[in-house]
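Asker: Sequence and predicted structure, then a few things I'm wondering about:
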Amino acid sequence: MRGVSRPGVIDVLRVPDLVRAFGADREVPLDDVRLGLRTQVIGGVLRVWLAGTAPVTRLLLRWHTDLSWAERFLSDAWERSYADLGWLPEQPERAMPWSFLAAGGARAAGCGVAVHPGALCCWTADRGGVSLWADVRCGGSPVLLGGRELHVADIVAVVGEDGERAFAVQQRLCRAMSPDPRLPDHPVYGANDWHFALGAAGARVVLAQAEFVSAQAADQANRPYCVVDDGWSAGGLGHGPWIGNHRYGHMGELAGRLREAGTRPGLWYRPLTPLPEHRGRWRLARNAGVLDPSVPEVAASIREQLARFVGWGYTLVKHDFTVWDLLGRWGFQMGAAITDDGWAFADPCRTTAEIVTDLYATMRDGAGPALVMGCNAFGHLVAGQAELQRIGDDASGRSWNRTRRMAVNSLAFRAAQHGALYMVDADIAPITPALPWRQAAQWLHLLAASGTPAFVSVDPASRTPAVAAAVRDAFTLAAAAPPLAEPLDWVTSATPSRWRLGAREQTYDWIEPDGPWPFGD
């Protein structure tokens, strides 16, 4: 059955026109008695289930619907974005993770899968229709359902009104995909040491930063966070044992001193790096240097670690590297393939999406009353399991060009997720001698005025009275929870300069006088 041909509509809330299933090396016929797929529209949502005993890697659902009205498309990203988001013309082979928007003339529409799907889902779109690709593999191998029914995904769609801004349509789509987010009960702002220290800080440096940001925070009820980033563990950068080293001392004592300085202690953590005593079966088949979260003992160990951090007094835990460690690819390297073929988790009967969602739930459970922030985490799987999520790759205290590309781009094209999936963290406002203060100050202002979490990383050499005043103004603005900022020139720019901030518009100048650096950073 061919769908409706109405401008501004993406007609997917019905039985697909075509369904295909694939195994490791060939297509699996859906009339095979070992495999069954069913769909049902319930309350404006198309629900998809898969059951059977045949080994399956992917599903393709295709709807024939006229998209000739769409002039441009906006994709989401698997985890963080990498200065790669923007409105693009039709690219039929382009894999668009989780959701997408289409716009043409005065109309916009969007569709996506609800958070916590049982598969890693991406879309392709062309003028003749829309396809959903659902990766139901266990790692890089077919999942072995053993006759159980897998809830593959819930599909949602929104249709814009004539003249409704595409940004508003994107916000409605995010709320439809995530109707019950887990959010902090207060605006989040503060500091992180990574962008000036790069893992070489210590207790003295962290405490000095805490004293600096505390002095700039006027809100006595909602104190700033001070997040201790990588470099504090006994195993060196990115590795346990997850206890303090000679530069940091006892991490519980450090948390107490951060509170005494007037800040809320936060802590960075990489959960999937093993310790020597972790048994071989705890380790991932693809890479023995990574823990396998489908092993029950691994999940228990990670839960205990989070609980220990909170017991030390940390009120925010930022977990990092789960996508890279598990799948061996950054988001920009994934496309539709996600990971290499031929490997599996220890539990071959669950999909990657199910295993990773359970990992995030385990960390959320272990963190108890503390806030959880995801970084290098699958957005649709960590939603509801983390109050905050990093939405773009790292800004930089050494390269303004990188901060402009990464941070401004991620805020512009993913700000609509804020308050719907989680609080979005577009990354920090670095302030260091290596960055031009004029541009760095503008990013600090936009971040604080955006309504999203505002963190700073201020090099001790840059803590001048002028910088202190700017941070003070930024914290006052961020603590007041301003309305969500909206990019206005996002159709024509990958790093928009014109923004709607509440009832007014503001233009920023992101480009230095000598222009951008074109050789990477």
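Answerer: Received the coordinates, thanks. Numbers count the residues shown, from 1 in each chain.
Asker: quick one: strands adjacent to the strand ranked longest in the chain?
Answerer: Longest strand of the chain, by residue count under DSSP state E: strand 149-159. Strand pairing for strand 149-159, using DSSP bridges, gives strand 45-52 (antiparallel), strand 107-113 (antiparallel).
Asker: who touches that strand?
Answerer: With contact meaning CB atoms under 8 Å, 6 or more residues apart in numbering, strand 149-159 is reached by 8-13, 44-51, 59, 109-114, 117-119, 121, 132, 134, 136, 143, 169, 172-173, 176-177, 351, 354. The C-beta positions use only the backbone N, C-alpha and C, and glycine is treated the same way.
Asker: buried sites along that strand?
Answerer: 150, 152-159 (16 or more other CB atoms under 10 Å).
Asker: any chance of these in TSV, with pLDDT and distance to Cys375 too?
Answerer: Formatted as TSV, the buried residues of strand 149-159 follow (pLDDT from 0 to 100; distance: CB to CB, whole Å):
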residue	pLDDT	distance to Cys375
Leu150	97	28
Val152	98	27
Ala153	98	25
Asp154	98	26
Ile155	98	28
Val156	98	26
Ala157	98	30
Val158	97	28
Val159	96	34
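Asker: which of those lies closest to Gly384?
Answerer: Nearest to Gly384 among the buried residues of strand 149-159 is Asp154, at 13.6 Å by CB to CB.
Asker: beta partners for the closest one?
Answerer: Arg47.
Asker: any idea how far it lies from Asp193?
Answerer: 40 Å (CB to CB, to the nearest Å).
Asker: Repeat that for Leu37.
Answerer: Counting by CB to CB, the gap from Leu37 to Asp193 is 50 Å.
Asker: likewise Gly384?
Answerer: To Asp193, Gly384 is 29 Å away according to CB to CB.
Asker: ok, back up a step: and Ala468, which of the strands paired with strand 149-159 is closest to it?
Answerer: Nearest to Ala468, of these and by CB to CB, is strand 107-113 at 42.5 Å.
Asker: picking that back up, of all the strands paired with strand 149-159, which one is nearest Ala441?
Answerer: Of the strands paired with strand 149-159, nearest to Ala441 by CB to CB is strand 107-113, at 33.4 Å.
Asker: Tell me which residues of that closest one come out buried.
Answerer: 107-113.
Asker: and these, which two are the farthest apart?
Answerer: Across the buried residues of strand 107-113, no pair lies farther apart than Arg107 and Val113, at 22.3 Å, counting by CB to CB.
Asker: sorry, back to before: can the buried residues of strand 107-113 go into TSV with extra columns for distance to Leu275?
Answerer: Formatted as TSV, the buried residues of strand 107-113 follow (distance: CB to CB, whole Å):
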residue	distance to Leu275
Arg107	55
Ala108	50
Ala109	49
Gly110	44
Cys111	44
Gly112	39
Val113	36
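Asker: Go through those and say which is closest to Arg498.
Answerer: Lowest distance from Arg498 to the buried residues of strand 107-113 (CB to CB) belongs to Ala108, with 18.6 Å.
Asker: In a strand, Trp123, correct?
Answerer: Yes - assessed by DSSP: H, G, I helix; E, B strand; the rest coil, Trp123 belongs to a strand.
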